[in-house]
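>>> Fold the following and give me the result.
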Amino acid sequence: MKKIKKISLGLLLMLIALLAGLAACSSGGMPGGENDAGEVAICDLSQDLLGWRLSTTGTVSFLDLSPRDGVYFELKAQGCEAGAFAHNEFWETFSEEQQAQIQIGETVHIQGILTKDSGRWIVSVQCILP
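Numbering: from 1, shown residues only. From the prediction side, this is the model:
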């Protein structure tokens, strides 16, 4: 019974975090806070920002719509690259106009949490900004 309560509490906390992220996108941006790095150039992504909220801008150089759990794309700016992954729970909340921005050759402004996978910077996208 305790295990079920722990799982339920964990799911509740994840849901609250998801809803907070969705609300922040719909209100025009993520709330400021202790772990909010603000605007960061792709070339300036670093270990110090791992797990932090940030915004960045780049040109889509690769797009993969095949993952079942979201959309993966890569951004380039000033000779630097980073990956970006929009999980379905966020991707499905983006307007058609926002989704249409994610095309090879288009410059996009995204906001999300910086992660790292196999030595590569990945922004877990929560917002596509104008």
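>>> Could you report the pLDDT at the nearest residue in space to residue 114 that is not next to it in sequence?
Distances taken as C-beta to C-beta, 6 or more residues apart in numbering place residue 49 nearest to residue 114, at 5.0 Å, with adjacent residues excluded. C-beta: built from backbone N, CA, C; applies to glycine. In this prediction, residue 49 carries a pLDDT score of 96.
>>> Isn't residue 49 up against residue 115?
No: applying C-beta atoms under 8 Å, one finds residue 49 not in contact with residue 115, separated by 10.3 Å.
>>> For residue 128, give me its contacts.
By C-beta atoms under 8 Å, 6 or more residues apart in numbering, the residues touching residue 128 are 86, 94, 98, 99, 101, 102, 108, 109, 110, 111.
>>> The third one: helix or strand, and which one exactly?
For residue 98, the element it lies in under DSSP states H and E is helix 96-101.
>>> that older thread, between the contacts of residue 128, which is closest to residue 58?
residue 108 (7.0 Å; C-beta to C-beta).
>>> tell me, how many neighbours does that closest one end up with?
By the criterion of other C-beta atoms under 10 Å, residue 108 has 19 neighbours.
>>> what pairs with whichever strand or helix holds it, and is each one parallel or antiparallel?
Using DSSP H and E, residue 108 sits within strand 107-117. Here strand 107-117 has these sheet partners by DSSP bridges: strand 53-64 (antiparallel), strand 120-129 (antiparallel).
>>> mind showing which ranges of the protein have poor pLDDT?
By pLDDT under 70, the low-scoring segments of the chain are 1-34.
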